[in-house]
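Peer 1: dropping the sequence and predicted coords here.
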There are 2 protein chains.
Amino acid sequence: MYFLLEYLPGSRISLRWLYCSSAGVGCRKAELPVAFVVFKSRCGAALATQSQQHPHPLLWITEMAPEPRDVSWRTLAIPYRIVPLYKIGVVLAASLLTIFFAIPVTAVQGIAKFEKLKKWFPPAMAVQLIPGLSSVLTGYLPSVVLKGFIYIVPFAMLGMAKLAGCISKSKEEIKACNMVFYFLVGNVFFLSVLSGSLLDEIGESFNHPKNFPSHLASAVSAQADFFITYILTDGLSGFSLEILQPGLLFWDFIKSHTFGCGTEKDPYLYSLPYFRIIPMVCLSVLIGTVYAVVAPLLLPFLVGYFCLGYLVFINQIQDVYEIVYETCGQYWPYIHHYILVAIVLMQINMIGIFGLKSMPAASISTVPLLLLTLMFNEYCKKCFLPTFHHYSIENAVENDEIDAKSGEMEVNYEDVINAYCSPCLRPVNFLTSESSSTQPLVSSL
Amino acid sequence: MYFLLEYLPGSRISLRWLYCSSAGVGCRKAELPVAFVVFKSRCGAALATQSQQHPHPLLWITEMAPEPRDVSWRTLAIPYRIVPLYKIGVVLAASLLTIFFAIPVTAVQGIAKFEKLKKWFPPAMAVQLIPGLSSVLTGYLPSVVLKGFIYIVPFAMLGMAKLAGCISKSKEEIKACNMVFYFLVGNVFFLSVLSGSLLDEIGESFNHPKNFPSHLASAVSAQADFFITYILTDGLSGFSLEILQPGLLFWDFIKSHTFGCGTEKDPYLYSLPYFRIIPMVCLSVLIGTVYAVVAPLLLPFLVGYFCLGYLVFINQIQDVYEIVYETCGQYWPYIHHYILVAIVLMQINMIGIFGLKSMPAASISTVPLLLLTLMFNEYCKKCFLPTFHHYSIENAVENDEIDAKSGEMEVNYEDVINAYCSPCLRPVNFLTSESSSTQPLVSSL
């Protein structure tokens, strides 16, 4: 029997456990193929998680356990062999959503152009009677439609990520964050860029990858106006919606009136929705990076957007949202990756623009810059990424020594025993459990 | 101070050490940034190699040490920070050789066609006077020219791999093996396939990747004859050359007559040149896999080739070559990868052929097969590859226990102390050291 006791780098003590999945090895008649193993020292836990235990690498998998409040108990019951199928299924579903989401959006955006709206829906002519409204409508309507569709996507992605067999809620959210970012790049950036031209230009680009930079450059420069309005809409509506939280209010209203269980049990406190906010902000970074050269007029709007965002989120984080789990900076490698995607797109765009302006020398000399960026990415992966995944032995031993000196080892060990308790084994408070669905389970115990 | 003692899975005891590179951490005034660390148990060594020691992952790198006779002492002196530059340099040089090697080969192959030979070198007309010789010349000459050029490439690649900063000779050879395989695929398979058509068809394929399968299919079917003669030449000449070893004989002759040091010091014993043989055989596997559908007539020749190869190499391995280091099956993942490249190429070719025969349904239904092959590759990477890189803790502990029972732990520990001795610190035998270059180093000690 091993014991793991681990501190986070910060001052706050949080206990983490080892997640260990064994398919029949060690314990022959295991009820679940998963176990939390506690180590006597951090050093032992760090060594156990980073090494291969069994000659067959998939028979005995060790991972650092998430925080007790972060454990996704539902997915722990899934046998490890089936998890890849879940993952492939989720990736397929997310890809299908990303690819075929384009169809309703382009359809609605096509109709939402005022000239077409007049043709399809003649009463819209009335708008022209009010001076000024027509131009506001033409400018804002397509991006409002887009925003409406996009608001619901992160929740769908989070729902899908919950099925992907992640062992912790934080990993589910990171997965959703990734899927939402690529969704936004595909469906907001690329689709809006290409909506000015025709859709079969995408097919054209796939057939002639060499012409991709010039296609991108011509399409990007044509759509600068759209993205200025997009940033404005996002800044004005997005952040005000963030403060008002109409979606959660609406959801809470439905829940309290249909399920009838009221909000006393679940107070109106949620965690910061990283899976929705990080991709949104990273998309703005991407738009800003790509348009920094093509249309610098967009940048002041972006600065305004970021300032407003800073004010809003400082308030939201301090006063509105609850901390459900410590992120431990685990989002940073992903944000770094998104920024790199933005820089690579910007450089491809530059190659195309120099080509369009018929400056082949400048176009060709941007190619090494692109290669250097990719090499810098490889360097960062080697140099900084392992620290996000592994707990280094030196740190573990240092923290163990500090604990041994202060005699906290025993205290932490006592805490650990009760920290990881499955929800179905927790003592039930009969006074607050008004949901009838838990009653038979309690009586059977 | 740690101690490592490790057995290979076989019955033979071989001692391996830990290679540990620290750039200024631990030992401040290190003369070399590298150290061999000996562990008391295999388990400790396995844990140390598989875990991250320092928060900065590149400051303290731990690796399993190669066998004492396999250590590449020259490269151990290179600081770890510069090693990536060496690696990039070698990859660039190998890529340049692979890409621009095409130019002399196509030139010579173009001339070696008998019709052109008559035009460029009129005395060749005399060949037509001897009946039968003309057809032999037309069939064999291009592939003999190709073989001649290709014979020297593996040695050049091995020379380059020696500069790539690998810590062991076996890793250098594996690197060379990889480079030679891609060289052969590029310059023997693709170039011969495309030499029938024009070279700018490659450029065409790069611009229209969608048309690549049909281009490949039409080119592959046209070159079946060439590959039958190639397999025949390789089978007849390659294996007879392997037995006769004219290259090594010639090299030994030059060495003994120019350097004047004779062959007493280095007896005429070399290790099996994996870097030359594995890519050659894998290329034949690739040709066989790709042509199995297009031109099954090639397969009997290939079976003959493999049978002859089996006989020749059984003899060579048993009686001719010396074992310089244990490969421990480290070549297998690479051979598996080469076979997978062959299968993927075959399936792309199939897609093209079904397209050419205007059977779009069959062509499209081959695409999922290709995806399944790639997914199988991912599965193998996850399921089997870690075992080639990591020594599992379970095995290490088991072997430790066996040793502890038989009391061999102490014996092995004694052996270890003297096993890893740098060549410059070894006691010099003054009777046999006729090279004057080692003299000052010895006297300075």
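Peer 2: Noted; the coordinates are in hand. Given the structure is predicted, the values throughout are model-derived calculations rather than measurements.
Peer 1: how far away is A:Pro279 from chain B?
Peer 2: When distance is defined by Cβ to the nearest Cβ, to the nearest Å, A:Pro279 is 26 Å away from chain B. From N, CA and C alone the C-beta is placed, and that goes for glycine too.
Peer 1: tabulate the CA atom coordinates of the helix or strand where that residue lies in CSV.
Peer 2: If you go by DSSP states H and E, A:Pro279 is part of helix A:274-294. As requested, the backbone C-alpha atoms of helix A:274-294 are provided in CSV (Å, rounded to 0.1, in the frame of the first residue of the first chain):
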residue,chain,number,x,y,z
TYR,A,274,-13.2,28.8,-19.0
PHE,A,275,-14.5,26.7,-21.9
ARG,A,276,-16.5,29.6,-23.2
ILE,A,277,-14.4,32.7,-22.3
ILE,A,278,-10.8,31.5,-23.2
PRO,A,279,-11.7,30.5,-26.8
MET,A,280,-13.7,33.8,-27.2
VAL,A,281,-10.7,35.9,-26.0
CYS,A,282,-8.2,33.8,-28.0
LEU,A,283,-10.3,34.3,-31.1
SER,A,284,-10.1,38.1,-30.6
VAL,A,285,-6.3,37.7,-30.2
LEU,A,286,-6.3,35.8,-33.5
ILE,A,287,-8.3,38.4,-35.3
GLY,A,288,-6.1,41.1,-33.9
THR,A,289,-2.9,39.3,-34.9
VAL,A,290,-4.1,38.6,-38.4
TYR,A,291,-5.5,42.1,-39.0
ALA,A,292,-2.6,43.9,-37.4
VAL,A,293,-0.9,44.2,-40.8
VAL,A,294,-3.9,44.2,-43.1
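Peer 1: what is that helix packed up against?
Peer 2: Contacts defined by 3 or more Cβ pairs under 8 Å, 6 or more residues apart in numbering or on different chains; DSSP states H and E place helix A:274-294 against helix A:133-161, helix A:169-184, helix A:212-222, helix A:224-233, helix A:298-315, helix A:332-356.
Peer 1: from A:Tyr151, how far out is A:Leu248?
Peer 2: 12 Å (Cβ to Cβ, to the nearest Å).
Peer 1: looking at the two, which one has more neighbours?
Peer 2: When A:Leu248 and A:Tyr151 are compared for neighbours, A:Tyr151 comes out ahead with 15 against 12, by other Cβ atoms under 10 Å in any protein chain shown.
Peer 1: I'd guessed the more buried one sits against A:Gln245; true?
Peer 2: No. Counting by Cβ atoms under 8 Å, A:Tyr151 does not reach A:Gln245; the two are 12.0 Å apart.
Peer 1: mind listing what's buried along the helix holding A:Pro279?
Peer 2: Residues of helix A:274-294 classed as buried: A:274-291, A:294 (neighbour count, 16 or more other Cβ atoms under 10 Å in any protein chain shown).
Peer 1: can you pull the residues of chain A lying near chain B?
Peer 2: Neighbours of chain B within chain A, by Cβ under 8 Å from any Cβ of the partner chain: A:46-47, A:50-58, A:60, A:84, A:206-210, A:379, A:382-384, A:386-387, A:390-395.
Peer 1: list only those of these flagged as buried.
Peer 2: With burial judged by 16+ other Cβ under 10 Å, the buried subset of the residues of chain A next to chain B is A:46-47, A:50-58, A:60, A:386-387, A:390-395.
Peer 1: apart from its chain neighbours, what residue comes closest to A:Ser380?
Peer 2: Residue A:380: Cys, not Ser. The shortest distance from A:Cys380 to any non-neighbouring residue, by Cβ to Cβ, 6 or more residues apart in numbering or on different chains, is to A:His336 (6.8 Å).
Peer 1: no no, A:Arg42
Peer 2: A:Ala396 (4.1 Å).
Peer 1: OK, contacts around that neighbour?
Peer 2: A:6, A:41-43, A:45-46 (Cβ atoms under 8 Å, 6 or more residues apart in numbering or on different chains).
Peer 1: buried ones in the helix or strand hosting it?
Peer 2: Secondary structure from DSSP H and E places A:Ala396 in helix A:393-406. By neighbour count on 16+ other Cβ under 10 Å, the buried set for helix A:393-406 is A:393-396, A:399-400, A:403.
Peer 1: for A:Leu163, give me its contacts.
Peer 2: A:86, A:89-90.
Peer 1: which of those residues are buried? Put it as a PyMOL command.
Peer 2: Buried subset of the contacts of A:Leu163, written as a PyMOL selection, criterion 16+ other Cβ under 10 Å:
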select buried, chain A and resi 90
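Peer 1: among the contacts of A:Leu163, which one sits closest to chain B?
Peer 2: Using Cβ to the nearest Cβ, A:Gly89 is the member of the contacts of A:Leu163 that sits closest to chain B, with 13.1 Å.
Peer 1: quick one: low-confidence residue ranges for the stretch 301-445 of chain A.
Peer 2: A:427-445 (pLDDT under 70).
Peer 1: center of chain A, which residue is that?
Peer 2: By Cα atoms, centre = their mean, chain A has its centre lying nearest to A:Cys177, at 1.0 Å.
Peer 1: what pLDDT does that one get?
Peer 2: We note a pLDDT of 94 for A:Cys177 in this prediction.
Peer 1: look up how far A:Met157 lies from it.
Peer 2: 8 Å.
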